[in-house]
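1. give me a model of this one.
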Amino acid sequence: MTRSDEVWKREDLAHAFLDNVRAAIPMAAEQIDIMLRVIRSRVSADGSFIDLGCGDGILGHTVHAMYPQSTGYFLDFAAAMIDAARKKGGADAGGLHFIVSDYASPEWTSAVADAAPFDLIISGYSIHHQPDERKKSLYREIFGLLKPGGLFLNLDTVTPEPEWTEAVWDDLFIDSLFKFEQQKGSERSRDRVAEEWLSRPDKTANILAPLGDQCNWLREAGFIDVACYFKVLAQTIFGGIKPGSAI
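-> Next comes the predicted model:
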(Lines give C-alpha, C1' and ligand atoms only; values in the text may rest on other atoms or scores of the structure.)
Protein backbone atom coordinates (compact mmCIF):
# COMPACT_ATOMS: atom_id res chain seq x y z
CA MET A 1 0.00 0.00 0.00
CA THR A 2 1.38 3.40 -0.99
CA ARG A 3 1.77 5.83 1.88
CA SER A 4 -0.01 9.15 1.44
CA ASP A 5 3.11 11.10 2.45
CA GLU A 6 5.17 9.59 -0.40
CA VAL A 7 3.96 12.58 -2.41
CA TRP A 8 6.62 14.64 -0.61
CA LYS A 9 9.37 12.71 -2.39
CA ARG A 10 8.33 14.43 -5.60
CA GLU A 11 10.97 17.02 -6.36
CA ASP A 12 8.51 19.41 -8.01
CA LEU A 13 6.20 19.37 -4.99
CA ALA A 14 9.07 19.74 -2.56
CA HIS A 15 10.35 22.84 -4.35
CA ALA A 16 6.85 24.31 -4.70
CA PHE A 17 6.40 23.96 -0.95
CA LEU A 18 9.79 25.43 -0.07
CA ASP A 19 9.49 28.34 -2.51
CA ASN A 20 5.90 29.25 -1.72
CA VAL A 21 3.90 27.58 1.05
CA ARG A 22 6.73 27.34 3.59
CA ALA A 23 7.54 31.01 3.15
CA ALA A 24 3.88 31.99 3.54
CA ILE A 25 3.01 30.11 6.75
CA PRO A 26 1.04 32.55 8.92
CA MET A 27 3.03 34.02 11.81
CA ALA A 28 6.10 31.93 10.93
CA ALA A 29 8.44 34.57 12.37
CA GLU A 30 6.54 34.64 15.65
CA GLN A 31 6.68 30.85 15.89
CA ILE A 32 10.42 30.78 15.37
CA ASP A 33 10.86 33.56 17.93
CA ILE A 34 8.92 31.56 20.53
CA MET A 35 10.85 28.41 19.64
CA LEU A 36 14.19 30.14 20.16
CA ARG A 37 13.10 31.67 23.46
CA VAL A 38 12.10 28.27 24.82
CA ILE A 39 15.33 26.69 23.55
CA ARG A 40 17.48 29.40 25.15
CA SER A 41 15.90 28.63 28.51
CA ARG A 42 16.82 24.93 28.35
CA VAL A 43 19.66 24.21 25.91
CA SER A 44 23.34 25.06 26.21
CA ALA A 45 25.15 26.91 23.43
CA ASP A 46 27.41 23.95 22.60
CA GLY A 47 24.64 21.34 22.64
CA SER A 48 23.55 18.93 19.92
CA PHE A 49 20.24 18.79 18.12
CA ILE A 50 18.17 17.00 15.50
CA ASP A 51 15.88 18.76 13.02
CA LEU A 52 13.47 15.90 12.31
CA GLY A 53 11.64 16.00 8.98
CA CYS A 54 13.74 19.07 8.34
CA GLY A 55 12.52 20.22 4.92
CA ASP A 56 14.90 22.99 3.92
CA GLY A 57 16.26 23.07 7.47
CA ILE A 58 14.87 26.47 8.43
CA LEU A 59 14.42 25.47 12.08
CA GLY A 60 17.76 23.74 12.48
CA HIS A 61 19.68 26.50 10.71
CA THR A 62 17.99 29.08 12.93
CA VAL A 63 19.08 27.16 16.02
CA HIS A 64 22.61 26.85 14.64
CA ALA A 65 22.73 30.57 13.87
CA MET A 66 21.88 31.25 17.51
CA TYR A 67 24.33 28.61 18.75
CA PRO A 68 27.18 28.38 16.18
CA GLN A 69 29.11 25.97 18.44
CA SER A 70 26.26 23.46 18.38
CA THR A 71 26.22 20.23 16.37
CA GLY A 72 23.15 19.61 14.24
CA TYR A 73 21.65 16.64 12.44
CA PHE A 74 19.13 17.34 9.67
CA LEU A 75 16.98 14.35 8.76
CA ASP A 76 14.32 13.98 6.05
CA PHE A 77 13.10 11.14 3.84
CA ALA A 78 13.01 13.34 0.73
CA ALA A 79 16.37 13.83 -0.97
CA ALA A 80 15.19 17.14 -2.46
CA MET A 81 14.55 18.48 1.04
CA ILE A 82 17.98 17.39 2.29
CA ASP A 83 19.62 19.01 -0.74
CA ALA A 84 17.78 22.24 0.05
CA ALA A 85 18.80 22.06 3.72
CA ARG A 86 22.44 21.47 2.80
CA LYS A 87 22.45 24.41 0.39
CA LYS A 88 20.84 26.68 2.96
CA GLY A 89 23.74 25.94 5.30
CA GLY A 90 26.25 27.23 2.77
CA ALA A 91 29.62 28.18 4.18
CA ASP A 92 28.25 27.97 7.74
CA ALA A 93 27.58 24.23 7.55
CA GLY A 94 30.45 23.27 9.85
CA GLY A 95 29.24 20.88 12.51
CA LEU A 96 26.09 20.08 10.55
CA HIS A 97 25.14 16.67 9.18
CA PHE A 98 22.49 15.92 6.55
CA ILE A 99 20.81 12.51 6.46
CA VAL A 100 18.24 10.97 4.15
CA SER A 101 16.24 8.69 6.45
CA ASP A 102 12.58 7.84 6.95
CA TYR A 103 11.27 8.23 10.50
CA ALA A 104 8.05 6.45 9.51
CA SER A 105 10.00 3.35 10.54
CA PRO A 106 11.74 2.90 13.94
CA GLU A 107 14.99 2.11 12.09
CA TRP A 108 15.54 5.84 11.59
CA THR A 109 17.11 6.04 15.04
CA SER A 110 20.11 4.00 13.84
CA ALA A 111 21.04 6.91 11.55
CA VAL A 112 21.74 9.14 14.55
CA ALA A 113 22.42 6.58 17.29
CA ASP A 114 26.18 7.14 17.30
CA ALA A 115 25.66 10.84 18.06
CA ALA A 116 23.04 10.31 20.80
CA PRO A 117 22.03 11.49 23.29
CA PHE A 118 20.90 14.94 22.14
CA ASP A 119 20.14 18.15 23.99
CA LEU A 120 17.32 19.12 21.64
CA ILE A 121 15.05 17.55 19.04
CA ILE A 122 12.82 19.81 16.96
CA SER A 123 10.37 19.11 14.18
CA GLY A 124 8.42 21.47 11.95
CA TYR A 125 5.22 20.70 10.03
CA SER A 126 6.17 17.07 9.51
CA ILE A 127 4.96 14.67 12.21
CA HIS A 128 1.31 15.27 11.31
CA HIS A 129 1.88 13.09 8.24
CA GLN A 130 2.22 9.99 10.43
CA PRO A 131 -0.69 7.80 11.59
CA ASP A 132 -1.55 8.30 15.25
CA GLU A 133 -0.03 5.01 16.40
CA ARG A 134 3.20 5.95 14.65
CA LYS A 135 3.14 9.37 16.30
CA LYS A 136 2.95 7.66 19.70
CA SER A 137 5.89 5.36 18.87
CA LEU A 138 7.89 8.25 17.43
CA TYR A 139 7.48 10.27 20.61
CA ARG A 140 8.91 7.33 22.56
CA GLU A 141 11.85 7.09 20.15
CA ILE A 142 12.52 10.82 20.47
CA PHE A 143 12.42 10.48 24.26
CA GLY A 144 15.01 7.72 24.06
CA LEU A 145 17.41 9.85 22.01
CA LEU A 146 17.38 12.83 24.39
CA LYS A 147 19.76 13.51 27.27
CA PRO A 148 18.25 13.81 30.75
CA GLY A 149 16.90 17.35 30.79
CA GLY A 150 16.71 17.38 26.98
CA LEU A 151 13.97 19.27 25.16
CA PHE A 152 11.58 18.22 22.39
CA LEU A 153 9.60 20.86 20.47
CA ASN A 154 7.08 20.17 17.72
CA LEU A 155 5.90 23.02 15.47
CA ASP A 156 2.98 21.42 13.71
CA THR A 157 -0.59 21.44 12.52
CA VAL A 158 -3.15 19.77 14.77
CA THR A 159 -6.83 18.94 14.43
CA PRO A 160 -8.83 22.19 14.43
CA GLU A 161 -11.01 22.36 17.53
CA PRO A 162 -13.88 23.01 17.36
CA GLU A 163 -14.29 21.51 13.91
CA TRP A 164 -15.76 24.65 12.34
CA THR A 165 -12.48 26.51 12.93
CA GLU A 166 -10.91 24.51 10.09
CA ALA A 167 -12.54 26.97 7.68
CA VAL A 168 -11.12 29.87 9.71
CA TRP A 169 -7.66 28.30 9.53
CA ASP A 170 -7.92 27.79 5.76
CA ASP A 171 -9.03 31.41 5.34
CA LEU A 172 -6.04 32.66 7.34
CA PHE A 173 -3.61 30.53 5.34
CA ILE A 174 -5.10 31.60 2.01
CA ASP A 175 -4.81 35.26 3.01
CA SER A 176 -1.17 34.71 3.91
CA LEU A 177 -0.45 32.90 0.64
CA PHE A 178 -2.19 35.62 -1.36
CA LYS A 179 -0.22 38.36 0.39
CA PHE A 180 3.02 36.48 -0.24
CA GLU A 181 2.21 36.12 -3.94
CA GLN A 182 1.38 39.81 -4.24
CA GLN A 183 4.73 40.67 -2.70
CA LYS A 184 6.40 38.58 -5.40
CA GLY A 185 4.49 40.50 -8.09
CA SER A 186 1.99 37.78 -8.94
CA GLU A 187 -1.30 38.88 -10.49
CA ARG A 188 -3.23 35.75 -9.53
CA SER A 189 -6.54 36.37 -7.80
CA ARG A 190 -7.25 35.34 -4.24
CA ASP A 191 -9.93 32.97 -5.56
CA ARG A 192 -7.31 31.19 -7.67
CA VAL A 193 -4.93 30.94 -4.71
CA ALA A 194 -7.77 29.57 -2.57
CA GLU A 195 -8.72 27.00 -5.19
CA GLU A 196 -5.16 25.67 -5.38
CA TRP A 197 -4.77 25.61 -1.60
CA LEU A 198 -7.97 23.69 -0.99
CA SER A 199 -7.21 21.14 -3.74
CA ARG A 200 -3.44 20.83 -3.15
CA PRO A 201 -2.04 17.35 -3.96
CA ASP A 202 -0.43 16.84 -0.55
CA LYS A 203 -3.64 17.44 1.41
CA THR A 204 -4.38 13.71 1.66
CA ALA A 205 -1.00 13.24 3.38
CA ASN A 206 -2.24 15.13 6.44
CA ILE A 207 -3.22 12.92 9.39
CA LEU A 208 -4.04 15.47 12.05
CA ALA A 209 -4.51 14.67 15.73
CA PRO A 210 -5.85 16.84 18.57
CA LEU A 211 -3.34 18.83 20.57
CA GLY A 212 -4.60 17.40 23.87
CA ASP A 213 -4.16 13.83 22.66
CA GLN A 214 -0.62 14.49 21.50
CA CYS A 215 0.35 16.11 24.79
CA ASN A 216 -0.98 13.02 26.56
CA TRP A 217 1.08 10.80 24.24
CA LEU A 218 4.19 12.78 25.21
CA ARG A 219 3.42 12.21 28.90
CA GLU A 220 2.89 8.51 28.24
CA ALA A 221 6.30 8.43 26.53
CA GLY A 222 7.88 9.79 29.73
CA PHE A 223 8.09 13.52 29.09
CA ILE A 224 7.46 15.99 31.90
CA ASP A 225 6.55 19.68 31.82
CA VAL A 226 4.54 19.00 28.68
CA ALA A 227 3.16 22.30 27.44
CA CYS A 228 1.79 24.23 24.48
CA TYR A 229 3.89 27.35 23.92
CA PHE A 230 2.02 28.77 20.93
CA LYS A 231 -1.35 28.12 19.35
CA VAL A 232 -3.30 29.92 16.66
CA LEU A 233 -6.20 27.83 15.39
CA ALA A 234 -4.61 24.64 13.99
CA GLN A 235 -1.05 25.91 14.31
CA THR A 236 0.92 24.96 17.43
CA ILE A 237 4.23 24.64 19.22
CA PHE A 238 4.17 21.99 21.93
CA GLY A 239 6.66 19.71 23.60
CA GLY A 240 8.18 18.39 26.76
CA ILE A 241 11.35 17.66 28.72
CA LYS A 242 13.05 14.36 29.51
CA PRO A 243 13.35 14.03 33.30
CA GLY A 244 16.79 14.55 34.74
CA SER A 245 19.33 17.26 35.35
CA ALA A 246 18.47 20.63 33.84
CA ILE A 247 20.72 21.74 31.00
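2. can you pull up the bridge partners for residue 120?
-> Note on residue 120: beta-bridge partners by DSSP bridges are residue 49, residue 151.
3. residue 231 against residue 211, yeah?
-> Yes - taking contacts as Cβ atoms under 8 Å, residue 231 lies within contact range of residue 211: 7.0 Å. (Each C-beta comes from the backbone N, C-alpha and C, glycine too.)
4. neighbour-wise, which of those two wins?
-> residue 211 (17 against 12; other Cβ atoms under 10 Å).
5. what separation do you get for that one and residue 195?
-> In this view, residue 211 and residue 195 are 29 Å apart by Cβ to Cβ, to the nearest Å.
6. same check on residue 94?
-> 44 Å.
7. same deal with residue 53?
-> 28 Å.
8. got it, and residue 204?
-> Per Cβ to Cβ, residue 204 is found 17 Å from residue 195.
9. so what's the residue nearest in space to the middle of the chain up against?
-> By Cα atoms, centre = their mean, the chain has its centre lying nearest to residue 124, at 0.9 Å. By Cβ atoms under 8 Å, 6 or more residues apart in numbering, the contact set of residue 124 is 51, 53-55, 58-59, 154-156.
10. make it 10 Å
-> Neighbour list for residue 124: 22, 25, 28, 31-32, 35, 51-60, 62, 153-156, 237 [criterion: Cβ atoms under 10 Å, 6 or more residues apart in numbering].
11. show the pLDDT at the residue lying farthest from the centre of the chain.
-> Here the chain reaches farthest from its C-alpha mean at residue 187, the gap being 30.6 Å by Cα atoms, centre = their mean. Note for residue 187: predicted pLDDT of 90.
12. in three-state terms, label it for me.
-> Put simply, residue 187 is coil when judged by DSSP: H, G, I helix; E, B strand; the rest coil.
13. please report how far it lies from residue 24.
-> 17 Å.
14. over to residue 191?
-> For residue 191 relative to residue 24 (Cβ to Cβ), the value is 17 Å.
15. longest helix in this structure, by residue count?
-> Criterion DSSP state H: the longest helix present in the chain is helix 165-183.
16. this completes my enquiry, with thanks.
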